[in-house]
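Chemist: predicted model and sequence below, questions to follow.
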Number of protein chains: 2
Amino acid sequence: MTTTIDPSELDQQRRTFREELIGHGWLLTSRSTALPGLGPAPVAVYDGLSAFIARITRQEYTAGVTPVQFPHVFSARMLEQTDYVASFPQLLGTINSFLGDQKDFRRLIEIYDAREDWQASLAPTGLALTSAACHPLYAWLENSTVDDAAIYELTGDCFRHEPSDDPMRFVTFRMREYVRLGTEEQAKAHRSTSLDISKGIFESLGLDVEIVAANDPFFGRGGVVLANNQLAAQAKFELVTEVYRGTETAIGSANYHDTHFGDEFTLSAPDGSTAHSACSAYGMDRIVLALARRHGFDLGAWPQQVRSALAIAD
Amino acid sequence: MTTTIDPSELDQQRRTFREELIGHGWLLTSRSTALPGLGPAPVAVYDGLSAFIARITRQEYTAGVTPVQFPHVFSARMLEQTDYVASFPQLLGTINSFLGDQKDFRRLIEIYDAREDWQASLAPTGLALTSAACHPLYAWLENSTVDDAAIYELTGDCFRHEPSDDPMRFVTFRMREYVRLGTEEQAKAHRSTSLDISKGIFESLGLDVEIVAANDPFFGRGGVVLANNQLAAQAKFELVTEVYRGTETAIGSANYHDTHFGDEFTLSAPDGSTAHSACSAYGMDRIVLALARRHGFDLGAWPQQVRSALAIAD
């Protein structure tokens, strides 16, 4: 990411954008909930965007798009299986609940009524927030020979515990992904085709994008090495756009995972080798807000081509 | 709910239905994730259902449908504000993450590598899973005079920690809701209109439904009293259908909240009185699976009227 402005100016831009989004009814904030909702305009844009991406990808991918859907909650052991605990501990979310009996419940109520720490009476459920939209897909396919003709289409909520006032960084956000598993050649071809499709989609919505090599924000063990490996292998490309002046924000990506998930989940290509995989991702909430930044808050004043692509009524 | 069969026979029906759903690719299960995903057929039915309900409600409600969207995560203090901690502690979910520094991180990794209890190193984030789709709406409107002409349309994920093999009882499930706030008369009229609309929607999809007075499954403080009050006040009506022979399953509801949320969130009607509210809810995942139970797993064999309503391609 290229940044040519100082951090305080960037913070100011983020705060201003957030205030504008709230003022125009795009973000619905409250005293009582940490995460904003979306008003009627961004809901209409989201729905239009979702349908537009579905339509274009069906035209452009030659293999068969296969829609599947997974919940935003999975087993906490998935965070172990993907080694997420070691790589991104600061972003994960595990789920606690009250697992006690009636006696424990009376104690919970005493603590709760005394306005003391009632959460200390809860215990791990074994569940966690889904960290990446495509992880449950690999878990579903575990120990199998993959269908290398399928391009799995899924929309998933991802949880990343990085609270921020930046409207481009929600704690929970929606990703549309197109995942292909197969040989190295098939996975790399998917990454490359997907980059072209994504670029075309963004440009037809009036968003100027650049394709840049990128790395995930590894925090934990071997973080710098992992990040440098990703960059050197050109494993991750992001589609970035200028939401804030002087810096770029990723609104999409295309990633080649090598046999990372094939190894973790024991997935084979039809030829018997370990499956390679690649995915193309659309940051749905970010795209919706980037469109507001580009075209303004009044959908009626958006370019006709964009309104038509997103089926926004007159 | 009327149950005329014994529990073990009901359990058998649930297990059989689950196995059929898995066998026909409707439910995507795995060794590693606790919650099933949905295959291409139920995804198509879900999308069609979502659009169908949107279309019919826009025709039938005379006031203006206003789409909004809230995340499936909110502040843990929302569980206090709605007294959910005292009423349904066994269903709630709070979110923990790693909040430590580099030194704490080294300790986390030691524990994790030793396959010990790494979750004990996490701490509450102040966030929780959204317990009811409409709660964030009231939080957004807090301390305001409501727009009594609006019918808020939202689809939200609800978390209820009640793990079960019954496919009609997911731990996280999607609810479509239509919420109206205003005077007692307006709220009650919304509940009554909504019941008619829901019944019409279900019947045009080939689902026989009955409308029954119901209560929420209060667990905690004053649970029996709260439940009986709900029944006596006819505050909650469910639309039930026979998914399993000899018993009924709720797939929708219409609820009059009196001034419950108006009081909790200090909401006023335009005449200055405390706002009353009512909501109409569609259990989206349950409806999708109830349709499979009714019409079978092969969408191509569904009645033409249903396929057409749900825009299922030939």
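Modeler: Structure received. This is a predicted model, so every value here is computed, not measured. Residues are numbered from 1 along each chain as shown, chains lettered A, B, ... in the order given.

Chemist: what's the helix or strand for A:Ser50?
Modeler: helix A:40-60 (DSSP states H and E).

Chemist: which parts of chain A are helices?
Modeler: With DSSP state H as the criterion, chain A has helices at A:7-23, A:40-60, A:77-81, A:84-87, A:102-113, A:135-141, A:184-204, A:223-232, A:260-264, A:284-295, A:304-309.

Chemist: next one: the first one to chain centre, how far?
Modeler: Which is helix A:7-23. Relative to the chain's own centre, helix A:7-23 is displaced by 22 Å; criterion: CA atoms, centre = their mean, to the nearest Å.

Chemist: compute the inter-axis angle for it and helix A:284-295.
Modeler: Counting by axes from the mean of the first three to the mean of the last three CA atoms, to 10 degrees, helix A:7-23 lies at 90 degrees to helix A:284-295.

Chemist: list the buried residues in helix A:7-23.
Modeler: For helix A:7-23, the neighbour count (16 or more other CB atoms under 10 Å in any protein chain shown) marks A:Leu10, A:Gln13, A:Arg14, A:Phe17, A:Arg18, A:Glu20, A:Leu21 as buried. Bear in mind the C-beta positions are built from the backbone N, C-alpha and C, glycine included.

Chemist: ok, the third one - contacts?
Modeler: Applying CB atoms under 8 Å, 6 or more residues apart in numbering or on different chains, we find A:Arg14 in contact with A:Asp165, A:Asp166, A:Pro167, A:Met168, A:Tyr244.

Chemist: just to revisit the earlier point, please name whichever of the helices of chain A is nearest to B:Asp196.
Modeler: helix A:40-60 (25.1 Å; CB to CB).

Chemist: and the closest one, what's buried?
Modeler: Residues of helix A:40-60 classed as buried: A:40-50, A:52-53, A:56-57 (neighbour count, 16+ other CB under 10 Å).

Chemist: and what of stretch A:163-174?
Modeler: So stretch A:163-174, judged by 16+ other CB under 10 Å, has buried residues A:Asp166, A:Pro167, A:Met168, A:Phe170, A:Val171, A:Thr172, A:Phe173, A:Arg174.

Chemist: near chain B, from the residues you listed?
Modeler: Filtering those for proximity to chain B by CB under 8 Å from any CB of the partner chain leaves A:Phe170, A:Val171, A:Thr172.

Chemist: okay, and the beta partners of the last one?
Modeler: If I follow you right, that is A:Thr172. Here A:Thr172 sits in beta bridges with A:Phe159, as judged by DSSP bridges.

Chemist: wait, it sits on B:Phe74?
Modeler: No - the pair A:Thr172 / B:Phe74 is not scored as a contact, 9.9 Å apart, by CB atoms under 8 Å.

Chemist: give the residues shared as contacts by the two.
Modeler: Listed as contacting both A:Thr172 and B:Phe74 by CB under 8 Å, 6+ apart are A:Leu35.

Chemist: what residue in the stretch 151-300 of chain A comes nearest to chain B?
Modeler: Here the stretch 151-300 of chain A gets closest to chain B at one residue, A:His161, 4.3 Å apart by CB to the nearest CB.

Chemist: any idea of the pLDDT on A:Tyr84?
Modeler: A:Tyr84 is assigned a pLDDT of 93 by the prediction.

Chemist: dump the residue contacts of it.
Modeler: Applying CB under 8 Å, 6+ apart, the residues near A:Tyr84 are A:Met78, A:Leu92, A:Ser131.

Chemist: do that again at 10 Å, thanks
Modeler: By CB atoms under 10 Å, 6 or more residues apart in numbering or on different chains, the contact set of A:Tyr84 is A:Met78, A:Leu91, A:Leu92, A:Ala128, A:Ser131, A:Ala132, A:His135, A:Gly220.

Chemist: quick one: A:Leu27 and B:Val68, what's the gap?
Modeler: Distance, A:Leu27 to B:Val68, by CB to CB, to the nearest Å: 11 Å.

Chemist: okay, and the common contacts of those two?
Modeler: Applying CB under 10 Å, 6+ apart, one finds that A:Leu27 and B:Val68 are jointly contacted by A:Gly37, A:Leu38, A:Gly39, A:Pro42, B:Trp140.

Chemist: quick check, nearest of those to B:Gln186?
Modeler: B:Trp140 (19.3 Å).

Chemist: contact partners for the closest one?
Modeler: B:Trp140 touches A:27-33, A:36-37, A:39, B:68, B:70, B:152, B:265, counting by CB under 10 Å, 6+ apart.

Chemist: run the last query once more with 8 Å
Modeler: Counting by CB under 8 Å, 6+ apart, B:Trp140 makes contact with A:Leu28, A:Thr29, A:Ser30, A:Thr33, A:Gly37, B:Val68, B:Phe70.

Chemist: ok, and the most crowded of the residues you listed?
Modeler: A:Thr33 (27 neighbours; other CB atoms under 10 Å in any protein chain shown).

Chemist: now that one. Nearest residue, chain neighbours left out?
Modeler: Spatial nearest neighbour of A:Thr33, chain neighbours left out: B:Phe74 (4.2 Å); criterion: CB to CB, 6 or more residues apart in numbering or on different chains.

Chemist: for the one you found, the count of nearby residues, please.
Modeler: 24.

Chemist: looking at chain A, which helix or strand is least sure?
Modeler: Lowest mean confidence among the helices and strands of chain A (mean pLDDT, DSSP states H and E): helix A:223-232, at a mean of 65.

Chemist: A:Val43 contacts B:Gln69, doesn't it?
Modeler: Yes - using CB under 8 Å, A:Val43 is in contact with B:Gln69, at 5.1 Å.

Chemist: between those two, what contacts are shared?
Modeler: Common contacts of A:Val43 and B:Gln69 (CB under 8 Å, 6+ apart): none found.

Chemist: pass me the low-pLDDT residue ranges in the stretch 101-250 of chain A, would you?
Modeler: In the predicted model of the stretch 101-250 of chain A, residues A:216-234 satisfy pLDDT under 70.

Chemist: enumerate the residues of it near chain B.
Modeler: Selection of the stretch 101-250 of chain A residues close to chain B by CB under 8 Å from any CB yields A:105, A:108-109, A:112, A:118-119, A:122, A:124-127, A:129, A:136-137, A:139-140, A:142-143, A:157, A:159, A:161, A:170-172, A:219-221.
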